[in-house]
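Student: Here is a sequence with its predicted model. Questions after.
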Amino acid sequence: MSGRPQVAEVAKPAPRRIALLGVGTVGRALLERLRALDDPRLPLGLVANSRRRLPLIGASSPRAWPDALAQGEPHDGSGALPGLAPGDIVVDATASAELAAWHPRWLRQGLHVVSANKLGLGGPLLRQHEIRALATDGRHYGDAATVGAGLPLLRTLRELRAGGDRIGAVVGVLSGTLAWLFDGYDGCEPFSARVRAAVAQGYAEPDPRVDLSGEDVCRKLLILARTAGYPLEQAEVRVDSLLTPALAAAAPDHVDAALAELDGPLAERAARTARDGKVLRYVARFDAAGARIGLEALPADDPLAVGRGCDNRVAIWSTRYRDRPLQIQGPGAGAEVTAAALLDDLLRIVAS
Ligand SMILES: NC(=O)C1=CN([C@@H]2O[C@H](COP(=O)(O)OP(=O)(O)OC[C@H]3O[C@@H](n4cnc5c(N)ncnc54)[C@H](O)[C@@H]3O)[C@@H](O)[C@H]2O)C=CC1
Ligand SMILES: N[C@@H](CC=O)C(=O)O
């Protein structure tokens, strides 16, 4: 036999398509990053908000998407996403409880999931177990954006445990919004004005009461604790909310006006704390004895008090970090860092 050896044609796998749910602060920033990167391995297949969806066949640079989405197909905001096939990737950039319940369903359908929505892993413990059990055999669940907006916290806990460490305790400032609100706060400026500014910066949750009540921190603490080997339920976490009962009960369109209720009590507390030479920080803690979250007065040079702006700062005690903790600090909220964390997860999936 002569001539060139026959080489079997290997069919190229179709590129995975991305379905982006939620085009608010984080979703828009992700679209910008995808456009800037222009990576052919990351074509958009669908963009949706709670009312409209826009199928995008093979588009990685959907410049006209905001207008096009407004004219898109009606969408019921559910996780039923026509046109996706196993291997495609759903990005949840919403805070929707309904969509979080779809995370295990998407994995069962053979889809990969990348989430900024903390209610997937930080919701009911059963759902977290389901997601972890399903995210195997080549199905991925990207969670880097859920805690610390991409700071290497979950990754570090996993690596410590994979190396045989037991996590003894974790203590941290886990809310970018609350870190930003209390950084330099001396009670002179109305706290409510600071909350409005944090919303405008894109740090706060769609309803800032989710930050002020400690609920957002609680979701992050649950994700961290479960990753660290502490299978906690929300009811096991003691959370001291900053909300007054009237603010907690306010109808959504009265929240802005009701924020002023926080001004007096927090100004008084900040002034008292400053007189003692301390600063206020909203701190989350867990160890084998339990988990709690709340506002604490810390010495100004306490390691948890030194972060600036929206910085998160987390100390981890483990078998190897027994005497002095491992500490991780950096911006813990904001469109850019969060979108970058989602993109990191997407790149990990397409590289796998
Ligand atoms: N803003 C930040 O710094 C960070 C946010 N996150 C998380 O990212 C998620 C999004 O946050 P943001 O962009 O700040 O909120 P956002 O309110 O600006 O955007 C959320 C978007 O989701 C849309 N949406 C709601 N329900 C939907 C549904 N069922 N289907 C499709 N779209 C739906 C809303 O219309 C809105 O446009 C939240 O879960 C948040 O906790 C995580 C880390 C940092
Ligand atoms: N609202 C959250 C956003 C990031 O998770 C925060 O302020 O930390």
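Tutor: Received it, and whenever you're ready, just let me know what you need. Ligands and ions are numbered 1, 2, ... in the order given.
Student: Now for P124, how many residues are close by?
Tutor: When neighbours are counted by other C-beta atoms under 10 Å, P124 registers 14. Just so you know, the C-beta spots here come from the backbone N, C-alpha and C atoms, and that holds for glycine as well.
Student: and it, what does it touch?
Tutor: Counting by C-beta atoms under 8 Å, 6 or more residues apart in numbering, P124 touches E233, Q234.
Student: ok, now S78?
Tutor: Listed by C-beta under 8 Å, 6+ apart, the contact set of S78 reads E98, L99, W102.
Student: List buried members of the residues you listed by neighbour count.
Tutor: L99, W102 (16 or more other C-beta atoms under 10 Å).
Student: Pipe the contacts of S78 into a markdown table and attach secondary structure per row.
Tutor: Shown next, in a markdown table, are the contacts of S78 (DSSP: H, G, I helix; E, B strand; the rest coil):
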| residue | secondary structure |
| --- | --- |
| E98 | helix |
| L99 | helix |
| W102 | coil |
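Student: Can you tell me which of the contacts of S78 is nearest D88?
Tutor: D88 lies nearest to W102 out of the contacts of S78, by C-beta to C-beta, at 13.9 Å.
Student: picking that back up, which of the contacts of S78 come close to ligand 1?
Tutor: Restricting these to those near ligand 1 by C-beta under 6 Å from any ligand atom leaves E98, L99.
Student: list the contacts for I131?
Tutor: Going by C-beta under 8 Å, 6+ apart, the list of residues near I131 reads H103, P104, L107, V113, G120, L121, Y141.
Student: and those residues near ligand 2, which?
Tutor: Near ligand 2, by the rule C-beta under 6 Å from any ligand atom, you find none of these.
Student: export the residues you listed to CSV and tack on pLDDT, neighbour count and distance to A335?
Tutor: Listed next are the contacts of I131 as CSV, based on pLDDT from 0 to 100; neighbours: other C-beta atoms under 10 Å; distance: C-beta to C-beta, whole Å:
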residue, pLDDT, neighbour count, distance to A335
H103, 98, 27, 22
P104, 98, 22, 27
L107, 98, 22, 27
V113, 98, 26, 20
G120, 98, 26, 20
L121, 98, 26, 21
Y141, 98, 21, 22
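Student: Need the max-distance pair from these.
Tutor: For these, the maximum inter-member distance is 12.2 Å, found between L107 and L121 (C-beta to C-beta).
Student: Now the common contact residues for the two.
Tutor: With C-beta under 8 Å, 6+ apart as the test, L107 and L121 both reach I131, Y141.
Student: Which residues of the stretch 51-200 of the chain lie near ligand 2?
Tutor: A149, S175, G176, T177.
Student: For these, give me a markdown table that also has neighbour count and secondary structure.
Tutor: What follows is those, written out as a markdown table (neighbours: other C-beta atoms under 10 Å; DSSP: H, G, I helix; E, B strand; the rest coil):
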| residue | neighbour count | secondary structure |
| --- | --- | --- |
| A149 | 27 | helix |
| S175 | 30 | coil |
| G176 | 28 | helix |
| T177 | 26 | helix |
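Student: for ligand 2, what are the nearby residues on the stretch 201-350 of the chain?
Tutor: Y203, A204, E205, D211, D216, G332, A333.
Student: The fifth one belongs to a helix, doesn't it?
Tutor: The reference is to D216. Yes - counting by three-state DSSP, D216 falls inside a helix.
Student: Against R275, how distant is it?
Tutor: Distance of D216 to R275, computed by C-beta to C-beta, to the nearest Å: 30 Å.
Student: Just want to know which of these two has more residues nearby.
Tutor: D216 (24 against 8).
Student: tell me the contacts of that one?
Tutor: K118, S175, T177, E205, V210 are the contacts of D216 under C-beta under 8 Å, 6+ apart.
Student: Ligand 2: which of those residues is nearest?
Tutor: Relative to ligand 2, the closest of those is T177; by C-beta to the nearest ligand atom it sits at 3.2 Å.
Student: was I right about the closest one contacting C310?
Tutor: Yes - under the criterion of C-beta atoms under 8 Å, T177 makes contact with C310 at 7.1 Å.
Student: okay, and the common contacts of the two?
Tutor: Y203, A333.
Student: So which residue is dead centre in the protein?
Tutor: T146 (2.5 Å; C-alpha atoms, centre = their mean).
Student: restrict the contacts of D216 to those near ligand 1?
Tutor: Answer for the contacts of D216 near ligand 1 (C-beta under 6 Å from any ligand atom): K118, E205.
Student: Flag whichever of the contacts of D216 scores worst on pLDDT.
Tutor: The lowest pLDDT within the contacts of D216 belongs to E205, with 93.
Student: residues near the nearest residue to R158 once chain neighbours are set aside, how many?
Tutor: Closest residue in space to R158, ignoring its immediate chain neighbours: T227 at 6.4 Å, by C-beta to C-beta, 6 or more residues apart in numbering. For T227, the neighbour count with other C-beta under 10 Å is 22.
Student: No further queries at this time; thank you.
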